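J.: Give me coordinates for this.
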Amino acid sequence: MALCVAVDSLGYVKQSTTETIDNCTTYVLYTAQDYANLPTLTDIFTMPLAEDLGQMWMLGFSMPIIAYLTAWGYGVVINWFKEKHP
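T.: Numbers count the residues shown, from 1 in each chain. This next block holds a predicted model:
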């Protein structure tokens, strides 16, 4: 659980009872568990798992093909109902 703390004039860290974490204007003190769960830049730029990369590649490869084939199918049906001019 995070706490809103402030440093007094003697250099002591004291909990601020009037401020919530959302409105804290001084310092926020985290527990070790909270700090370990915070995302960092290394977490953002880590290499995804091979299975995840494979799924992303297949999604990026197959979605345009599926969209093209669906649009082509709708075009065939729409053109079938159009009046043909000789």
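J.: pLDDT score assigned to the most centrally placed residue in the chain?
T.: By CA atoms, centre = their mean, the chain has its centre lying nearest to Ile44, at 9.7 Å. Here the pLDDT value assigned to Ile44 is 80.
J.: for Gly60, same thing?
T.: At Gly60, pLDDT is 93.
J.: Break the chain down into its domains, please.
T.: For the chain, automatic domain parsing gives the domain ranges 3-43, 47-81.
J.: Go through those domains and find the least confident stretch.
T.: If you rank those by mean pLDDT, domain 3-43 sits at the bottom with a mean of 84.
J.: Would you format the domains of the chain as CSV with mean neighbour count included?
T.: C-beta coordinates here come from the backbone N, C-alpha and C atoms, glycine included. Formatted as CSV, those follow (neighbours: other CB atoms under 10 Å):
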stretch, mean neighbour count
domain 3-43, 10
domain 47-81, 10
